[in-house]
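J.: Sharing a model that was predicted from the sequence below.
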Amino acid sequence: MLDFRVKTFLCVCQTLNYTQAARLLNITQPAVSQHIRFLEDFYHVKVFHYANKKLELTPAGKILYERCKTLENDEVALNQELQQSHSNLHTLSLGVTMTVGEYAIVAPLAAFLKLHPEINVELRFGNTQDLLSQLTAGRIQLALVEGYIPEKDYACLRYSTEAYIGVCSAQHKFNRGIPQDFHDLLDERLLLREKGSGTREILERNLAVKGLDIQNFAHTSLIENMHTIIGLLLQDCGISFLYRLAVQEELENGLLKEIPLKDFSMEHDFNFIWEKDSIYTHKYQQIGQELISLNTANENA
């Protein structure tokens, strides 16, 4: 059971305000200060300091926060495991990004569920940043994401490597003729996902390498659903950049076509991630490895 003084510390980390933490915890502000002093005396470090009249974590405080947050989330998972021990059932909270959930995980997850009737899976959708927040908050145990992640904060297991391409309607006529590079596409309508999406972040990073950004496109449409983006591409309403697996069928049927740019070719990893140093690391690795094997078997079938 997590020490009550650690819970106070975590609350202060979230609010960066002793008064607000006291209100949320329903204790006095002197009690909050006493709890923090106890931890500082116990570990012989300062965990907070003031900078420009604002409370901030010290380097030691940041380390303590990361470790205690992992312990707090592990405690939630442990309590759930204990409550389910009498029934021989287990719950897995798995977060997936939109592209992963719609195009990359369905077949292996179906096979996994058939092999493990004792596991209840809670599948939750969100963009990469949403899922990182849910992991940190302990609302999910494991995530499968397509975006860039701070590897120092999360344990990581590669699920697959996918081609990332430009795509448009097979009947699309480019405003500047056959494109050679990103600059030739700036007069087009760019269909893109919302901020926080891994699909969008990959595009933004590639544009930045060329000295460009989203605002350089004459027309943009922000769409939070991959199926809608594909539907608009089929109606020749613009161009987009996404993973080939999301439009594989449309490409094979000649409804969409790839935009072959001379200065752009890339692949990107889909990764399982979970909190680093979790006591459940071995369990998450086993689940991830099994889903990877099932995905490989499905691709080779």
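T.: Noted; the coordinates are in hand.
J.: hey, let's count contacts and neighbours off CA atoms from now on
T.: Fine.
J.: Show me where the stretch 101-250 of the chain has its strands.
T.: For the stretch 101-250 of the chain, the strands defined by DSSP state E, counting those that start in this stretch cover 119-125, 142-145, 154-169, 189-192, 219-222, 239-243.
J.: Counting neighbours, which bits of the longest one end up buried?
T.: Right, the one you point to is strand 154-169. Burial within strand 154-169, assessed by neighbour count using 16 or more other Cα atoms under 10 Å, is assigned to 154-157, 159, 162, 164-169.
J.: Same check on the first one?
T.: For strand 119-125, burial by neighbour count (16+ other Cα under 10 Å) applies to 124-125.
J.: could you dump it to PDB, C-alpha only?
T.: Output of strand 119-125 as PDB, limited to C-alpha atoms (Å, rounded to 0.1, in the frame of the first residue of the first chain):
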ATOM      1  CA  ILE A 119      -8.500 -12.200 -20.100                       C
ATOM      2  CA  ASN A 120     -11.000  -9.400 -20.400                       C
ATOM      3  CA  VAL A 121      -9.600  -6.700 -22.700                       C
ATOM      4  CA  GLU A 122     -10.500  -3.100 -22.400                       C
ATOM      5  CA  LEU A 123      -9.500  -1.500 -25.700                       C
ATOM      6  CA  ARG A 124      -9.300   2.300 -25.600                       C
ATOM      7  CA  PHE A 125      -8.700   4.700 -28.500                       C
END
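J.: which other helices and strands contact it?
T.: Packing partners of strand 119-125 (3 or more Cα pairs under 8 Å, 6 or more residues apart in numbering; DSSP states H and E): strand 90-96.
J.: Which strands or helices does the strand it packs on pack on?
T.: The contact analysis (3+ Cα pairs under 8 Å, 6+ apart) places strand 90-96 against helix 59-84, strand 119-125, strand 142-145.
J.: I'd like to know how many residues surround the residue nearest to residue 207 when sequence neighbours are not counted.
T.: Take residue 207 and drop its neighbours on the chain: the residue closest to it by Cα to Cα, 6 or more residues apart in numbering is residue 213, 5.5 Å away. Residues lying near residue 213 (other Cα atoms under 10 Å) number 14.
J.: ok, now how distant is residue 213 from residue 226?
T.: 21 Å (Cα to Cα, to the nearest Å).
J.: what does the one helix or strand residue 42 maps to contact?
T.: Element membership for residue 42, per DSSP states H and E: helix 29-43. With Cα atoms under 8 Å, 6 or more residues apart in numbering as the test, helix 29-43 has contacts from 5-6, 8-9, 18-19, 21-22, 46-47.
J.: Report the central residue of the protein.
T.: Taking Cα atoms, centre = their mean, the centroid of the chain lies closest to residue 128, which sits 2.7 Å from it.
J.: unless I'm mixing things up, it is touching residue 145, no?
T.: Yes - if you go by Cα atoms under 8 Å, residue 128 and residue 145 touch, sitting 5.9 Å apart.
J.: Give the buried residues for the lowest-mean-pLDDT helix or strand in the chain.
T.: Ranking every helix and strand in the chain by mean pLDDT, DSSP states H and E puts helix 59-84 at the bottom, with a mean of 83. For helix 59-84, a neighbour-count test (16+ other Cα under 10 Å) marks 61, 64-66, 68-75, 77 as buried.
J.: how about low-confidence regions in the chain?
T.: Scanning the chain for pLDDT under 70 picks out no residues.
J.: show me the contacts for the residue lying closest to residue 65 once chain neighbours are set aside.
T.: Spatial nearest neighbour of residue 65, excluding adjacent residues (Cα to Cα, 6+ apart): residue 10 at 6.7 Å. With contact set as Cα under 8 Å, 6+ apart, residue 10 has these partners: 65, 68-69.
J.: Now do the buried residues in the helix holding residue 42.
T.: The neighbour-count check on helix 29-43 (16+ other Cα under 10 Å) flags 29, 32-33, 35-37, 39-40 as buried.
J.: count of residues packed around residue 249?
T.: Number of residues near residue 249 (other Cα under 10 Å) recorded here: 12.
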